[in-house]
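[1] Okay, predicted coordinates and the sequence, questions at the end:
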Amino acid sequence: MTYREKYNNWLENDCFDENTKKELLNLKGNDKEIEDRFYKDLEFGTAGLRGIIAAGTNRINIYTVRRATYGLANYILKNTTKEEQSRGVAIAHDNRHMSREFCIEAANTLAACGIKAYIFDSLRTTPELSFAVRNLNCIAGIVITASHNPPEYNGYKVYWEDGAQVMPEIANAITDEINSIEDYSTIPTLREENKNLVVLLDERQDTDFIEAVKKQVIREDLVRKVGKDFKVVYTPLCGTGNVPVRRALEEVGFKHVICVKEEELPDSNFSGIEYPNPEDQRALTRGIELAKAENADLVIATDPDCDRVGVAVRTTKGDYALLTGNQIGGMLTDYIIEGLKEKGRLKENSVLIKTIVTSEFGADIAKANNIDVMNVLTGFKFIGEKIKSFEEKCDKTYLFGYEESYGYLVGTHARDKDGVVASLLISEMAAYYYSKGMSLYEGLQELYKKYGYFKEETISLTLTGIEGLEKIKEIISYFRNNALESFNNKKVVDIKDYEKGIDNLPKANVLKYYLEDESWIAIRPSGTEPKLKFYLAVKGNNECESDNKLVGIKESINEILNKLM
């Protein structure tokens, strides 16, 4: 059907409610908006669905959520045994607009298909859902969240029985099931006899999760000693992290955790935060202001579904600076290795896992300590996959996994990035430096002096709509088909095109240029947003040298982009 035919079908089909039809009727005369809402189905990619909340096939709404869930249910019914199906599906949601409604719709659709659905009584974090899938022995899981996207977005992520997001093979098969559903009226609705298949979880899941998180503390004695004086400012950015993060910190011994009041409680509009992303310094504005007023040692921010963590630390000048995901990951790598060594718990077969667009800072620290390093594609599910493989083969021990986009996992209680355990370990690490009379910032400078000055930057091009999608394809094709010989007057010594399925990794639309001075540039389209991303990474003998390298590469990239745009 054309986008116009799909639009008219939604207006005429009795399976769509009157409010949806009224919303669509108001679009009459706005052909561009109608086209954008109906020219395609909202894609179920490797990370599930994510889109603007509105009526239409290219939007997220109760109907596209039902369709995705029916596709998932059909995949489960066709590809698992009756015993596996009986294990059910766990569902969690964040505080976004329509999140609870989408959670209920997903649960009801599963139950209508004869599959048990476990739901929480209110919002929960994404890492707790990952934990619950395994803790409840479910066959799958669903999280309703759009992570750190603006308020008008929501999303739908699917997990498999190992607690990690579904791998590409399963995601593709689920996509095929979803795409086969053309008539929304064929999606089953919940009947009275299946209502008992929607099961409400109690607080035991919360306690089990927090206890699993607390087990990851390395220097318990130090936390109890320093925690009564060490000050942490925390903000959940109006999301799901408030209760679990503060509970975990409190129970291990951090007694001075001060929450940003304006951002403490769940808020679908994020209380004036334009972009609730802890990667963005603007999201930490209130937290930093509070830290200055309270003379706090550390600022922590978790994104709305609490799987990412941002950090601001006091500098030698007395102000506060944001650490990057690469810096946090590198510092945690060093802290975990040294802490486990001190406790006699570092295993010889330990492995650090990072993504191919993450800097070599943590990798170099690991290698200097004779720790193996594995690179995986972008997406934390690939880290989760390695953990599963280690456990099945009993040949390696998972040490730590992280990605540059502020996602970290310490421990194997979850199989996705966990903002709760990361907040705890970052606080412990900062308390450790505090006990030595140092700030995290000073600790970072020490590591740079030892391993080299690593600097990174990400350039993100946001290109929306049909034209934007085509422009993204055009730009990455240019870099792929025109093997550039240098950037910033530095020779390109290697080009890796992951679309060819190299380095024992699945095929992925990622291109990586390596330069003669250890710098590199990676290019990939975002899997969750209409963005094309350029990852720039350099290493120098000092901060000034690294800064100059970064500026030069950025200028080279922008010069090319200006021509292409």
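    In hand now; what should we look at? Residues are numbered from 1 along each chain as shown.
[2] all contacts plus neighbour counts: C-alpha atoms, from now on.
    Will do.
[3] Near residue 565, how many residues? Count them for me, please.
    As a burial measure, residue 565 scores 8 neighbours (other CA atoms under 10 Å).
[4] er, residue 521 actually
    Neighbours around residue 521, by other CA under 10 Å: 23.
[5] same question, residue 481
    8.
[6] any idea how far it is from residue 556?
    17 Å (CA to CA, to the nearest Å).
[7] now residue 542
    For residue 542 relative to residue 556 (CA to CA), the value is 22 Å.
[8] Now do the strands in the stretch 51-200 of the chain.
    89-93, 117-119, 140-144, 153-160, 198-200 (DSSP state E, counting those that start in this stretch).
[9] what's the answer for the stretch 251-400 of the chain, then?
    Along the stretch 251-400 of the chain, the stretches classed as strands by DSSP E, counting those that start in this stretch are 256-259, 298-302, 309-314, 320-323, 350-355, 372-376, 397-403.
[10] How about the stretch 401-550 of the chain?
    Under DSSP E, counting those that start in this stretch, the stretch 401-550 of the chain gives strands at 407-409, 453-462, 486-487, 490-497, 511-515, 520-525, 531-540.
[11] In JSON lines, list the ones you listed along with mean pLDDT and distance to residue 338.
    Output for the strands of the stretch 401-550 of the chain, formatted as JSON lines (pLDDT from 0 to 100; distance: least, CA to CA, whole Å):
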{"stretch": "strand 407-409", "mean pLDDT": "98", "distance to residue 338": "17"}
{"stretch": "strand 453-462", "mean pLDDT": "94", "distance to residue 338": "20"}
{"stretch": "strand 486-487", "mean pLDDT": "94", "distance to residue 338": "37"}
{"stretch": "strand 490-497", "mean pLDDT": "96", "distance to residue 338": "33"}
{"stretch": "strand 511-515", "mean pLDDT": "97", "distance to residue 338": "31"}
{"stretch": "strand 520-525", "mean pLDDT": "96", "distance to residue 338": "29"}
{"stretch": "strand 531-540", "mean pLDDT": "95", "distance to residue 338": "23"}
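[12] would CSV of the ones you listed with distance to residue 346 be doable?
    Shown next, in CSV, are the strands of the stretch 401-550 of the chain (distance: least, CA to CA, whole Å):
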stretch, distance to residue 346
strand 407-409, 17
strand 453-462, 26
strand 486-487, 40
strand 490-497, 33
strand 511-515, 33
strand 520-525, 31
strand 531-540, 28
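[13] highest average neighbour count across those?
    strand 407-409 (a mean of 27; mean count of other CA atoms under 10 Å).
[14] Tell me the helices and strands packed up against that one.
    Counting by 3 or more CA pairs under 8 Å, 6 or more residues apart in numbering; DSSP states H and E, the packing neighbours recorded for strand 407-409 are strand 397-403, helix 419-435.
[15] The first one pairs with which strands, parallel or anti?
    Sheet partners assigned to strand 397-403 using DSSP bridges are listed as strand 350-355 (parallel), strand 407-409 (antiparallel).
[16] I would like the residues contacting the lowest-mean-pLDDT helix or strand in the chain, please.
    Here the helix or strand of the chain ranked lowest by mean pLDDT, DSSP states H and E is helix 465-481, holding a mean of 91. Residues from elsewhere that reach helix 465-481, judged by CA atoms under 8 Å, 6 or more residues apart in numbering: 36, 462-463, 497, 511, 523-525, 530-532, 561, 564.
[17] In CSV, list the C-alpha atoms belonging to it.
    Below are the C-alpha coordinates for helix 465-481, written out as CSV (Å, rounded to 0.1, in the frame of the first residue of the first chain):
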residue,chain,number,x,y,z
GLY,A,465,13.0,12.2,7.4
ILE,A,466,13.3,10.4,4.0
GLU,A,467,15.9,12.9,2.7
GLY,A,468,18.0,12.6,5.9
LEU,A,469,18.1,8.8,5.6
GLU,A,470,19.3,9.1,2.0
LYS,A,471,21.9,11.7,2.9
ILE,A,472,23.3,9.4,5.7
LYS,A,473,23.7,6.6,3.2
GLU,A,474,25.3,8.9,0.7
ILE,A,475,27.9,10.2,3.2
ILE,A,476,29.0,6.8,4.5
SER,A,477,29.1,5.5,0.9
TYR,A,478,31.5,8.3,0.1
PHE,A,479,33.9,7.4,2.8
ARG,A,480,33.6,3.7,1.9
ASN,A,481,34.1,4.0,-1.8
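[18] Next, the buried residues of it.
    468, 469, 471, 472, 475, 476, 480 (16 or more other CA atoms under 10 Å).
[19] For the helix or strand where residue 20 lies, list every residue counted as buried.
    Using DSSP states H and E, residue 20 sits in helix 18-25. Residues of helix 18-25 classed as buried by neighbour count (16+ other CA under 10 Å): 20, 21, 24.
[20] cool, stretch 282-297 as well?
    283, 284, 286, 287, 288, 290, 291, 292, 296, 297.
[21] How far off centre is it?
    Centroid separation for stretch 282-297 versus its chain: 24 Å, with CA atoms, centre = their mean, to the nearest Å.
[22] what's the lengthiest helix in the chain packed up against?
    When the chain is parsed with DSSP state H, its longest helix is helix 543-564. In terms of contacts (3+ CA pairs under 8 Å, 6+ apart), helix 543-564 is packed against strand 453-462, strand 486-487, strand 531-540.
[23] ok so, going back, I'd like the buried residues of stretch 282-297 laid out as TSV, including distance to residue 380.
    Compiled in TSV, the buried residues of stretch 282-297 are given as follows (distance: CA to CA, whole Å):
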residue	distance to residue 380
283	23
284	24
286	29
287	27
288	29
290	32
291	31
292	34
296	31
297	30
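[24] Nothing else from me, thank you.
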